[in-house]
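[1] What follows is a predicted structure for the sequence shown.
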Amino acid sequence: MTLGLGIRSLLAQSVVYLMGGPPGPETIINGRRCLYFGGTGYYAFQEHPELIRAAHEALDKYGMHTATSRNIYGTTPLYREVEEKAAQFFGTEDAVYLPSGYLSNIAGFQGLIQTGQYDMFVVDAEPHWSISDFIYAMRKPVYTFAHGDPDDLRKQLKAHVQAGERPLVVSDGIFPTFGVVAPIREYFQAVEPYQGAIWIDDAHGVGVLGAHGRGTYEYYGLASDNLFFGGTLSKSVGGHGGIVPGKKNLVQAIRAGHIVNGANASPSPAAAAAVQGMTLLMEHPELRERLWMNARTLKAGLKQLGFPMQDSPVPIAAWRLKSGEEMDRIHAELLKREICIQRTRYVGGGPEGALRAVVFATHTTGQIERLLAELKSLV
């Protein structure tokens, strides 16, 4: 079993849709105002006036960015503020701010190898590309287990872990296409006897799952020194860049590593927006409750149309129809009616892909009901 790169899926998505405004319940797609269910800005913070104001102020004070890596002259008080706010948000000792969420996995792998001496990676067979693109560069053995399957994980651990070796189990927290939450509690039970650890890409869990929005581990009520994750500040938080919260020794190892040393920091306006986004999520838990309510409304309506849905507060819903051509038709017809969902062949979507709708906290019940009514008329 190998980790596919999904090149065919990428080539299949050749149609470009031009967004003419920030992502929100409505936006401009190809010059037309549409109801927007096509992206993952879960709180529409990308258009929030407080984030816009913070971004403007940072631009005036710091310019676009420092134009050098963090460990030379590339650290400003603003970047430190992002890390301090993230540590506060996630309840960790420290956090490191990275140039993109895509880099959080490789930065975390490098830091964990340096500090934890993990001997191998045991990886879900359908991970995000930010995992599969980098996992083999770590110069450690890589084994895969069947997608989302704790029983196969146990088999792979038993088959490959020798006495004294420590495995690192790697998975998405939420698999992005269908919004399925990985069974992390069962994974942790499987790896504990080997003194192993878990790393998850929690890009879609950060800000969304858990009582405080801390992600997949909080959703399952898990806490351990052997649970690690990376995330992004570009989705729920409304800014940009990757974040790895954790113990000081891990964070310092990442700060001393190639990613922080070799790449420029994120733009100053995006960093300031991230600080403000995390502040809003901490001060307004009702935003999460609204997001979860909208997710329930969307999924309940899709179930009534006959589409299977996971019972979780994840605001992602995806489904397949009998053929790719039928999904193309539904997608095109919805766009004609000024409703934008995704016709995706993204990672984990399979060769035919899927239709995918993502709901925001700022969508109204009426907007969700309109999507469902139009879908019902088409399918």
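    Yep, it's here.
[2] Could you list the low-confidence segments of the protein?
    1-15 (pLDDT under 70).
[3] Using PDB, write out the CA atom coordinates for stretch 220-234.
    The C-alpha coordinates for stretch 220-234 follow below in PDB (Å, rounded to 0.1, in the frame of the first residue of the first chain):
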ATOM      1  CA  TYR A 220     -12.500  13.300  22.000                       C
ATOM      2  CA  GLY A 221     -11.500  14.500  25.500                       C
ATOM      3  CA  LEU A 222      -7.900  13.300  25.000                       C
ATOM      4  CA  ALA A 223      -4.900  14.800  26.700                       C
ATOM      5  CA  SER A 224      -1.400  13.300  26.800                       C
ATOM      6  CA  ASP A 225       2.200  14.300  26.300                       C
ATOM      7  CA  ASN A 226       2.200  11.800  23.400                       C
ATOM      8  CA  LEU A 227      -0.400  13.700  21.300                       C
ATOM      9  CA  PHE A 228       0.800  16.200  18.800                       C
ATOM     10  CA  PHE A 229      -0.700  18.300  16.000                       C
ATOM     11  CA  GLY A 230      -0.300  21.100  13.600                       C
ATOM     12  CA  GLY A 231      -2.900  23.400  12.100                       C
ATOM     13  CA  THR A 232      -3.600  26.400  10.000                       C
ATOM     14  CA  LEU A 233      -4.700  29.900  10.800                       C
ATOM     15  CA  SER A 234      -6.200  30.400   7.400                       C
END
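[4] in it, what counts as buried?
    220, 226-234 (16 or more other C-beta atoms under 10 Å). C-beta here means a position set from N, CA and C on the backbone, and glycine is covered the same way.
[5] ok, now stretch 148-155?
    In stretch 148-155, counting by 16+ other C-beta under 10 Å, buried: 148-150, 152-154.
[6] Those residues into a markdown table, with extra columns for secondary structure and distance to residue 277?
    Formatted as a markdown table, the buried residues of stretch 148-155 follow (DSSP: H, G, I helix; E, B strand; the rest coil; distance: C-beta to C-beta, whole Å):
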| residue | secondary structure | distance to residue 277 |
| --- | --- | --- |
| 148 | coil | 30 |
| 149 | coil | 35 |
| 150 | helix | 34 |
| 152 | helix | 37 |
| 153 | helix | 34 |
| 154 | helix | 39 |
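[7] And the residues you listed, which is closest to residue 172?
    Comparing those against residue 172 with C-beta to C-beta picks out residue 148 as the nearest, at 9.4 Å.
[8] is it true that that closest one touches residue 175?
    Yes - the pair residue 148 / residue 175 is scored as a contact, 7.5 Å apart, by C-beta atoms under 8 Å.
[9] shared neighbours, these two?
    126, 182 (C-beta atoms under 8 Å, 6 or more residues apart in numbering).
[10] Please tell me how far the lengthiest helix in the chain is from the chain's geometric centre.
    Longest helix of the chain, by residue count under DSSP state H: helix 286-304. Centroid separation between helix 286-304 and its chain, computed with C-alpha atoms, centre = their mean, to the nearest Å, is 19 Å.
[11] so what's residue 220 up against?
    184-185.
[12] separation between it and residue 50?
    31 Å (C-beta to C-beta, to the nearest Å).
[13] Now tabulate the buried residues of stretch 220-234 in a markdown table and tack on distance to residue 271.
    Converted to a markdown table, the buried residues of stretch 220-234 look like this (distance: C-beta to C-beta, whole Å):
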| residue | distance to residue 271 |
| --- | --- |
| 220 | 30 |
| 226 | 30 |
| 227 | 26 |
| 228 | 23 |
| 229 | 20 |
| 230 | 17 |
| 231 | 15 |
| 232 | 13 |
| 233 | 8 |
| 234 | 12 |
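[14] In strands, which of those residues fall?
    227-232 (DSSP state E).
[15] follow-up on the earlier one: return the closest of the buried residues of stretch 220-234 with respect to residue 295.
    Once C-beta to C-beta is applied, the member of those that ends up nearest residue 295 is residue 220, at 17.5 Å.
[16] measure that closest one to residue 183 for me?
    For residue 220, the distance to residue 183 equals 9 Å [C-beta to C-beta].
[17] Not counting sequence-adjacent ones, nearest residue to residue 102?
    residue 130 (4.6 Å; C-beta to C-beta, 6 or more residues apart in numbering).
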